[in-house]
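J.: this one's structure only:
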């Protein structure tokens, strides 16, 4: 018994000492993605990084162009002190060459032979209910890991990172377009209860606060509980999600829908086949929206 | 009802507050209890009155309901009147089955309601049998899907267990005795965040420290068995399996050496006196066999034994060895991703992370293997939990730190400094090597040597192609070509770089590979390594312990890097010469400068060898 009280006492002392030492020597910033010290990485691995840099000189030249782009610069300055260089460089930004419909990155090899503005999935005849989608990042392992941890591991602090990317992407892609209202893609109540939060709504809220655009999180609802899109096969995914979404309008005026002739921005985390965005856009259009634009983090 | 969205009604009966997800269950329960009292206790007239149930609060989350009940009941536990087991016949058979299953699954763990529900769902046989029973006659079977019927059955069974006081239900995040909010699973109060909850549609708290196990929120109920239940039902299974009268004797894979026998006897003595014990044995001494006798003694007294280790790989390695040693006892392994059924095994092997879910003092003897290994070392949370679940502890390590030596009494440290083949530990050499790559002068010298006689050597010097430094080449050449050479690097990036360098600079016939934690082929590569299919292996610290590769040599690159602490370096040196066929090998530490850690590691190995040599002469003299 005496040992346990003693150790408890000691532990309390240590706790207090920690508090005081933290006042005097504040902890250095930690990367919210890889949880390592940002400053330590900058100094310790500098030499190592330089070596890599020399070796991959040719590859880096093309990437350098990428990293001098205004969009990337802005995001980087927004995230400085939160994300380390190594994690940031793993993100692959879609900048100039993208599909006009779904926003997918069209690599130079693809566009060389066709000179097309469309990717393989999108053709001009394939009519979508939304006007177009724009994505900030190409879907790769790094962003997949970040979104997975955000959604399924409940790391809410990653919302800041993703919102900063989304906010800058909005300013980049949608600067000329007037948006009246932001609507995040909803979750089913059961899924929402299981996860505790709606990832699209979290990002959407921060985006709306940053851009001073009203947000509507309650209107569009997911009324049918379907299997997770990420667990389906591709064939199942492109099957239309009819009747899954519904728009419950709170009409103040009997004649007017709140979305009438408004242009709506739909927010989601990942755009894979566009089925979800299309189903939402269909419902929103039926509710009176004039245009539906989509902004996703990754494509 | 969705276990993430449970809503509770608080009601009062006979002056005591209870909460319930479905009040009809409670009405039935109290009705039966009072009717029984009618028959048995004829004299007392007061209780003949049907119980009056007064609803206090409706549609509340678990934390609201629980707080109100605790407040109103004033710390006093629920009443002591309970139904006997044979009085429970009013319940449908499916519910009774379900209750048994829940109690069995729960065991001595604390689980959230969603966790428990998914566990019950996974046990398909009971789920289907429960679905066939219609609890509520007003709801026809076809009206609701079978899944919702099962969840209703689970809710019914849990609520009834709660009324019988067999299990405790409380919010997963609540105020502890200091008034701070703390998570009931990880017992931490530092990383609780307030958020807009999608489950309870209001602001509530969520713990981010243990989010990897599934989130705990203040609106999620946490279930655990209460004391009254644990005695009667928990130990029934393990007792029936074991014949107490027969003497339990471990079966050793090979006979113990004299040193091992001595150490084993000392551990048994210390454990019998009820003290905690630290076993400090060098790498390759056969630590696992030392504790077999102590485990056997504990099992003889029907104590529950837990072997906890930070690494999943070690769990896989220990399980077959213990099953062979104790063929009559039940040995059960729990790790992340194991089939999550709780078995009341006599011997449980678990990763330290799994201990979060266990109740206080769930085990009698806790053996912690590799106490200094990542992630257990330096993690205060895991440390607290490991010490919470047991009563008596045996620590095992090859590299104890000061903290653990301070925890144990001086006369309770058992040391075993000689390896099972009696050869000394291979002593590491430290060689200064600023870089494995050729840089600066090194490069220039080599280039001049290479291009002397060429007309215009300047163009060739500016060539950026890189090669290995002379020091590193020499060391590689000095290591005997038969056997496996393991090259430890501090980071994955450096490993990849070194792999490329070696591939460019070494002859093609040398097979080399790089193993690291994120490698998708990690398991296959390690297996291939054991079969000695590679001649040269580059690896990060993941191969620092738990791997036996006969006839191996070790090079540590950049040993001055902070990743390589004293214990890591000793463990790495301990990879060499583990088999009797190849009892020695080369260990080389390369670094820019000599750090304290390197010095201490080499010093400790030398000290141990000295000590072991003395011990062995003593033993031979005694003979």
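T.: Arrived safely, thanks for sending. This structure is a prediction, so every number in the text was calculated from the model and none was measured.
J.: Which residue is the nearest non-sequential neighbour of residue 159?
T.: You didn't say which chain, so I picked chain A. residue A:202 (4.6 Å; Cβ to Cβ, 6 or more residues apart in numbering or on different chains). Heads up, the C-betas are built off the backbone N, CA and C, glycines and all.
J.: nope, chain B please
T.: Using Cβ to Cβ, 6+ apart, the closest residue to residue B:159 is residue B:25 (4.9 Å).
J.: sorry, back to before: quick one: neighbours of the residue nearest to residue A:159, just the number.
T.: Residue A:202 has 23 neighbours, counted by other Cβ atoms under 10 Å in any protein chain shown.
J.: distance of it from residue A:186?
T.: 13 Å (Cβ to Cβ, to the nearest Å).
J.: next one: phi and psi at residue B:173?
T.: Dihedral angles phi and psi of residue B:173 (degrees, to the nearest 10) take the values phi -130, psi 120.
J.: is it in a bridge, and if so with what?
T.: Beta-bridge partners recorded for residue B:173 (DSSP bridges): residue B:183.
J.: does residue B:103 sit in a helix, a strand or a coil?
T.: Recorded secondary structure, residue B:103: helix (DSSP: H, G, I helix; E, B strand; the rest coil).
J.: if I read this right, the residue nearest to residue A:159 contacts residue A:157, doesn't it?
T.: No: look at residue A:202 against residue A:157 with Cβ atoms under 8 Å: they stay out of range, at 10.9 Å.
J.: Please work out the average pLDDT along stretch A:162-175.
T.: Taken as a whole, stretch A:162-175 has a mean pLDDT of 89.
J.: can you list contacts of that stretch?
T.: With contact meaning Cβ atoms under 8 Å, 6 or more residues apart in numbering or on different chains, stretch A:162-175 is reached by A:70-71, A:74-75, A:78-79, A:91, A:134-137, A:146-147, A:150, A:202-203, A:206-207, A:210-211, A:265, A:267, A:269, A:293, A:295, A:297.
J.: what's the nearest residue to residue B:329 if we skip its chain neighbours?
T.: Distance criterion Cβ to Cβ, 6+ apart; nearest residue to residue B:329, sequence neighbours excluded, is residue B:346 at 4.6 Å.
J.: quick one: that neighbour and residue B:330 touch, right?
T.: Yes: with contact defined as Cβ under 8 Å, residue B:346 and residue B:330 form a contacting pair (5.5 Å).
J.: So for the two, which sits in the more crowded spot?
T.: residue B:346 (24 against 16).
J.: and that one, backbone torsions?
T.: With angles defined as degrees, to the nearest 10, residue B:346 sits at phi -70, psi -40.
J.: do you know how far it is from residue B:301?
T.: Applying Cβ to Cβ to residue B:346 and residue B:301 gives a distance of 11 Å.
J.: Which helix or strand contains the residue nearest to residue A:159?
T.: If you go by DSSP states H and E, residue A:202 is part of helix A:199-211.
J.: Would you mind pulling the contact partners of that helix?
T.: Contacts of helix A:199-211 (Cβ under 8 Å, 6+ apart): A:147, A:150-151, A:156, A:159-160, A:162-163, A:166-167, A:170-171, A:182-187, A:213-215, A:217, A:267-269, A:297.
J.: If you rank every helix and strand of chain A by mean pLDDT, what lands last?
T.: When each helix and strand of chain A is scored by mean pLDDT, DSSP states H and E, helix A:46-55 comes last, with a mean of 44.
J.: ok so, going back, what about burial for the contacts of stretch A:162-175, which qualify?
T.: A:71, A:74-75, A:78-79, A:91, A:134-137, A:146-147, A:150, A:202-203, A:206-207, A:211, A:265, A:267, A:269, A:293, A:295, A:297 (16 or more other Cβ atoms under 10 Å in any protein chain shown).
J.: now the helices for the stretch 151-300 of chain B?
T.: B:227-229, B:236-241, B:258-272, B:287-290, B:292-300 (DSSP state H, counting those that start in this stretch).
J.: Include mean pLDDT and distance to residue B:32 when you put these into TSV, please.
T.: Putting the helices of the stretch 151-300 of chain B into TSV (pLDDT from 0 to 100; distance: least, Cβ to Cβ, whole Å) gives the following:
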stretch	mean pLDDT	distance to residue B:32
helix B:227-229	61	19
helix B:236-241	46	25
helix B:258-272	87	48
helix B:287-290	83	53
helix B:292-300	87	42
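J.: nearest to chain A, of those?
T.: Nearest of these to chain A, taken as Cβ to the nearest Cβ: helix B:258-272 at 16.2 Å.
J.: Remind me what that closest one packs against, helices and strands.
T.: strand B:277-281, helix B:287-290, helix B:292-300, strand B:392-397, strand B:413-416, helix B:596-622 (3 or more Cβ pairs under 8 Å, 6 or more residues apart in numbering or on different chains; DSSP states H and E).
J.: need the strands for the stretch 101-250 of chain A, in chain order.
T.: Secondary structure of the stretch 101-250 of chain A by DSSP state E, counting those that start in this stretch: the strands cover A:133-137, A:181-184, A:220-222, A:245-247.
J.: most packed of those?
T.: The highest mean neighbour count among these, using mean count of other Cβ atoms under 10 Å in any protein chain shown, belongs to strand A:133-137: a mean of 26.
J.: who are the neighbours of it, in terms of helices and strands?
T.: Using 3+ Cβ pairs under 8 Å, 6+ apart: strand A:133-137 touches helix A:158-173, strand A:291-298.
J.: That one vs helix A:158-173, what angle?
T.: On the basis of axes from the mean of the first three to the mean of the last three Cα atoms, to 10 degrees, strand A:133-137 is oriented at 120 degrees to helix A:158-173.
J.: ok, back up a step: want to try a markdown table for the helices and strands packed on helix B:258-272, with distance to residue A:245 as columns?
T.: A markdown table is the format used below for the helices and strands packed on helix B:258-272 (distance: least, Cβ to Cβ, whole Å):
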| stretch | distance to residue A:245 |
| --- | --- |
| strand B:277-281 | 62 |
| helix B:287-290 | 58 |
| helix B:292-300 | 59 |
| strand B:392-397 | 56 |
| strand B:413-416 | 66 |
| helix B:596-622 | 59 |
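J.: Of these, which is nearest residue B:197?
T.: With Cβ to Cβ, the closest approach to residue B:197 among the helices and strands packed on helix B:258-272 belongs to strand B:392-397: 38.9 Å.
J.: Please determine how far residue B:56 is located from chain A.
T.: Relative to chain A, residue B:56 is positioned 25 Å away (Cβ to the nearest Cβ, to the nearest Å).
J.: Count the neighbours of residue A:208 for me.
T.: Neighbours of residue A:208 (other Cβ under 10 Å): 22.
J.: for residue B:411, same thing?
T.: 9.
J.: Which pLDDT value does the model give residue 103?
T.: Picked chain A for this. 83.
J.: you looked at the wrong chain, it should be chain B
T.: 82.
J.: do the same with residue B:523
T.: Note on residue B:523: pLDDT of 78.
J.: follow-up on the earlier one: how about a markdown table for the helices and strands packed on strand A:133-137, with distance to residue B:107 added?
T.: Below are the helices and strands packed on strand A:133-137 laid out as a markdown table (distance: least, Cβ to Cβ, whole Å):
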| stretch | distance to residue B:107 |
| --- | --- |
| helix A:158-173 | 35 |
| strand A:291-298 | 42 |
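J.: Could you identify which of those is most buried?
T.: strand A:291-298 (a mean of 25).
J.: avg pLDDT for it?
T.: The model assigns strand A:291-298 a mean pLDDT of 91.
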